[in-house]
Structures are given as C-alpha cells and as structure tokens.
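Undergrad: generate a structure from the sequence data that follows.
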Amino acid sequence: MKRPKDLLGLLVALVLLVSTVMTLPVTASNEYVYKFQVPLFPNKYYVGDTIQYVINITNLDTQLTNYLALVEDICPDNSTMTLATNLIQAPGEGVIYTYNYTVEEADLQYITGRWRVANTIHVVGNDTLGGIINDYNSAVSIILRPKISIEKTVDFDGNGVYGDRETNAPNQTASWKIVVCNTGYDPVYNITVTDTNGHNFGAPFNLLATGACQTFTYSMTINADTVNNATAVGEDELGNTVGPVSDDAEARVSTPPVGGTAFPVNKLGLVGPWVLLVGCAAAVTLLALRKRRQA
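TA: Residues are numbered from 1 along each chain as shown. You can find the predicted model right below:
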C-alpha cells in the first residue's frame, strides 16, 4: 500500500503531463480525398492539351468536424486559385471542385527522367479538438515529348568517309548509311524506315531510351547520278505518330571528256623568225643600192 505522500506526488506528475500535452499543437489525423486528373489513366498528355482536374475535399473522420479556413489550388504555372474559405465539414461531408487547365511549355518540370506538370491542393484549418490542418496533395501528370531524327549519307569514292554528296566513275559501288535516333524524352515504338530506292530495312524496331540510335547500311552499283531519300516514322506511348522525318544523300557519276588532245599554238612565235628574215633582206637591198649610186 502506497503512502499518501507518494500518491500526492504521482497525482502532481500526472497533472503536469496532461497540461504539457494540451499546450502542444495537435495535428489532425483526418484523411482527405484530394485531387484526381481526368482521365486518371494513362495520365499522359502533350503540351497544348487540357487536363480536367477533379478536386474532392472530404472529411473522412467519423466524429470530428473540420473548419477549413482556406482551400486553394496551386496550378502548374505556380499561380494560385482560391476554391473556398471558411469551409465547415461535418464528419463524412465532402465537396467537389472541377476545372480545366491547358498545359504550356513553361509549366513543365523534369522529374525522375520525364517531363511532368504538378497541380497541388492546399487546405488550412483545424478540427473540433483544435487539431491543426495544413496539408498539401499533388496530382502529377506525364507530358510526352517524343521525337526522332534521321541522317542519310553515302560513301561513293571508297575512302570510308560518308557525306551528303560524293562523286566517282560509273559502275562503282556506293555504300549508303542511315542512322535513326531517339532525340526526344520518351520511348518511341514501331519505327519503320523506307527508302525511295525500295530498300527493305526489315521489321519495325523500338528506340526506348533518349539518345538511342539504330544504324542501317547497304550498297549498290551506281551508273548515273542518284539521290536517295530515307524516311522514318514511329509511335509514342499513346499510339500517336512520331515523325515522319526524312533525309537524302547523292551519288554523282563523273564522265571523262570525249576526243583527242589539243595543244596551244604560239602564232607569234611561228611568224616571228620569218618577219625578221624579211626585214634583214630589205636592209641589205637598200645598202647595195646606196653603194651603186655612190659609185
């Protein structure tokens, strides 16, 4: 059996503990259903698309009433929109807000390897017991930015270097090279490559990672100037078309000149000696006539 002095000490300690707890801020344990984007799946959009947001603010507590001083939405462009002030919600009571937002390039954030937009709901208030409500909840959507590139080059002079235009003699072999790359930020599927010369590049292929490339080469004999154009087209995660993109390269045939070899004629050089001879002869004749007269 405890002594009265011990019981008194225990009672004092209990009162101090309760008073300390009551003076601390109490965080509300209520859970809320906040926000969804429509459609919920696949939750992938493009710049210029409009996302419909459905915001469901519901008091899921079975006993406490919530007093929400502010319900605001922080849009993808960081602007804020007030949805409600001084909103009182009894246990189980809820309210739904909807609005549309058009995605712009400036809204995008690069998060974990994908471009996304984030829309955040913020609620501030307290519950019946003074529990503090200061909660955030975000809906994050993927914004697709797929892109592919293609480059076609040719090695016709046989030096192993590929260019956009090369020249060689007729009946020589040209080696053509086509490189298709994923230059966007998202996977690209079912890529097909075609060529104006009818070359078969096989089954469609995927480029899942940014910077991934697929290279094709083939050869053909060239007897006339030839320009070949290659085209690539694929699909993104939603099945929409990526591309088409095209590029060409040219193989030119050089033709040797027809006929014999011509040599330049120095007409002055051929005529010069004869003129000098004639001039000397005339001078000799004049001297002879002069001597005769003197005689």
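
Undergrad: tell me what Lys44 is bridged to.
TA: Ile142 (DSSP bridges).

Undergrad: helix/strand/coil for the most centrally placed residue in the chain?
TA: For the chain, the residue nearest the mean C-alpha position is Gly184 (3.1 Å; C-alpha atoms, centre = their mean). Assigned by DSSP: H, G, I helix; E, B strand; the rest coil, the conformation of Gly184 is coil.

Undergrad: wait, it sits on Lys147?
TA: Yes. Using C-beta atoms under 8 Å, Gly184 is in contact with Lys147, at 3.3 Å. Any C-beta I mention is one placed from the backbone N, CA and C, and that applies to glycine too.

Undergrad: anything in contact with each of these two?
TA: Val242 (C-beta atoms under 8 Å, 6 or more residues apart in numbering).

Undergrad: what residue ranges in the stretch 101-250 of the chain score low on pLDDT?
TA: The model of the stretch 101-250 of the chain has no residue with pLDDT under 70.

Undergrad: any idea where the helices of the stretch 1-150 of the chain begin and end?
TA: Taking DSSP state H, counting those that start in this stretch, the helices of the stretch 1-150 of the chain run over residues 4-23.

Undergrad: about what we covered before: which ones are touching the residue nearest to the centre of the chain?
TA: Arg145, Pro146, Lys147, Ile148, Thr210, Val242.

Undergrad: quick check, nearest of the residues you listed to Asn197?
TA: Ile148 (21.0 Å; C-beta to C-beta).

Undergrad: pull the contacting residues for the closest one.
TA: For Ile148, the contact set (C-beta under 8 Å, 6+ apart) comprises 180-184, 188, 191, 207, 232, 234, 242-243, 245.

Undergrad: in strands, which of the residues you listed fall?
TA: Under the assignment DSSP state E, the contacts of Ile148 contribute Val180, Cys181, Asn182, Val188, Ile191, Leu207, Ala232, Gly234, Val242, Gly243, Val245 to strands.

Undergrad: so the fifth one is in contact with Leu208, correct?
TA: No. Counting by C-beta under 8 Å, Ile191 sits too far from Leu208 to count as a contact (10.8 Å).

Undergrad: so which of those two has more stuff around it?
TA: Ile191 (21 against 10; other C-beta atoms under 10 Å).

Undergrad: ok, which pair from the contacts of Gly184 is furthest apart?
TA: Farthest-apart pair in the contacts of Gly184 is Thr210 and Val242; separation 13.1 Å (C-beta to C-beta).

Undergrad: of these two, who's got more company?
TA: When neighbours are counted by other C-beta under 10 Å, Thr210 and Val242 differ, and Val242 comes out ahead with 23 against 17.

Undergrad: who are the contact partners of that one?
TA: Val242 sits next to Pro146, Lys147, Ile148, Gly184, Val188, Ile191, Val233, Gly234, Glu235, Asp236 when contact means C-beta under 8 Å, 6+ apart.
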